[in-house]
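Visitor: everything below, folded, please.
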Amino acid sequence: MDIKGCVGLVTGGNRGIGEAFVRVLLESGAQKVYAGSRDPGAAAHLEREYPGRCFALELDVTDPAEVEAAAKRCGDVNLLINNAGLFANRTLLGAPDLSIARQEMEVNYFGTLAMCRAFAPVLGRNGGGAIVNVLSAAALISIPNMGGYGPSKAATRSLTGAVCAELSPQGTQVSALIVGSVDTRMAAHVEGGKEKPEDIARAGLRAVTRNIDEMDTDRMAVEVRAALNLDPKGLEKRMARMLHAPVIRTGR
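Guide: Prediction:
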């Protein structure tokens with residue numbers, strides 16, 4: 001699929017990786033991009049920067065009425081970027097109840113599924129197009145200190161394969177992005193080097209133009225997959241140790 005001239009919709013498009021996708025799409029020649037956000041005012045700065053090409057869209061992916069309204073309004077979309085995500089930073093057993101884990105699953109899994117269901121007919125009418133689901137290295141290996149986030153991303157990875165199979169007859173490409181540590185508000189608690197959101201977006205667009213069904217977008221994602229292939233039980237044990245390891249801070 002060619003990015004030039006496409007019409008995109010990015011969920012969670014007001015900041016972080018989502019905002020980077022909006023910018024990189026428009027800078028790569030997209031005709032128009034809808035920046036979905038629970039608060040469309042949070043994406044107003046993008047409308048001002050790209051007048052007539054970027055449009056803020058009220059969209060909570062867990063709200064069926066808003067998802068349906070988005071599909072009706074955005075009938076020209078041929079590239080859907082499912083980026084909206086929630087990381088609550090609570091462990092599965094340490095959280096006070098199940099509500100946090102349910103929220104992560106609602107946004108990361110069911111929200112992505114709702115968008116795929118709503119926009120599959122739209123993409124079909126527009127020649128097939130493509131869907132990109134923004135996942136995480138936590139979809140490959142259990143990271144205990146990430147609580148319900150990893151399980152929700154693992155479930156969405158499985159969903160991606162199923163959606164790809166279902167939409168193959170109408171010519172819709174479906175790609176999963178395995179993302180490591182990125183310099184966003186969601187990863188503010190993470191120590192060490194972080195990738196630029198724009199680099200993740202560029203990798204995502206390469207997955208679209210090359211029709212890659214699953215892409216590791218950065219060094220951390222590549223290293224996790226390599227370690228998983230070389231010594232899966234060893235990597236699993238190292239991830240488990242992280243849960244109880246003291247935080248060591250460097251620098252000022």
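
Visitor: pLDDT weak spots in the protein?
Guide: Flagging of the chain using pLDDT under 70 yields the residue ranges 183-194, 245-252.

Visitor: state which helix of it is the longest.
Guide: helix 149-167 (DSSP state H).

Visitor: residues of that one that come out buried?
Guide: Residues 149-157, 159-160, 163-164, 167 are the ones in helix 149-167 that count as buried (16 or more other Cβ atoms under 10 Å). All C-beta spots, glycine's among them, are computed from the backbone N, C-alpha and C.

Visitor: got it, and stretch 40-52?
Guide: Result for stretch 40-52 [16+ other Cβ under 10 Å]: buried residues Pro40, Ala42, Ala43, Leu46, Glu47, Tyr50.

Visitor: same thing with stretch 116-123?
Guide: Those buried within stretch 116-123 under the rule 16+ other Cβ under 10 Å are Cys116, Ala118, Phe119, Ala120, Val122, Leu123.

Visitor: restricted to helices, list these.
Guide: Per DSSP H, the subset of those in helices is Cys116, Ala118, Phe119, Ala120, Val122, Leu123.

Visitor: would you format those as TSV with distance to Glu214 included?
Guide: As requested, those are exported to TSV (distance: Cβ to Cβ, whole Å):
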residue	distance to Glu214
Cys116	16
Ala118	23
Phe119	20
Ala120	20
Val122	23
Leu123	19
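
Visitor: identify, from the residues you listed, the entry nearest to Leu9.
Guide: When these are compared for distance to Leu9 (Cβ to Cβ), Phe119 wins out at 7.4 Å.

Visitor: just the strands in the chain please.
Guide: 7-10, 32-37, 54-58, 79-82, 130-134, 173-178, 214-216 (DSSP state E).

Visitor: rewinding a little: ok, residues contacting the longest helix of the chain?
Guide: 86-88, 92, 101, 104-105, 107-109, 112-113, 116, 120, 123-124, 131, 133, 135-136, 138-143, 173-176, 213-214 (Cβ atoms under 8 Å, 6 or more residues apart in numbering).

Visitor: over to stretch 115-122?
Guide: So stretch 115-122 is contacted by 9, 11, 61, 67-68, 70-71, 74-75, 77, 80, 82, 131, 159, 163, 166-167, 170, 172 (Cβ under 8 Å, 6+ apart).

Visitor: report the buried members of these.
Guide: Buried among those (16+ other Cβ under 10 Å): 9, 11, 61, 67, 70-71, 74, 77, 80, 82, 131, 159, 163, 167, 172.

Visitor: for those, which one is nearest Arg225?
Guide: Nearest to Arg225 out of the buried ones among the contacts of stretch 115-122 is Leu159 (Cβ to Cβ; 19.3 Å).

Visitor: the closest residue to Leu46 other than its chain neighbours: neighbour count?
Guide: Spatial nearest neighbour of Leu46, excluding adjacent residues (Cβ to Cβ, 6 or more residues apart in numbering): Cys54 at 4.7 Å. Number of residues near Cys54 (other Cβ atoms under 10 Å) recorded here: 26.
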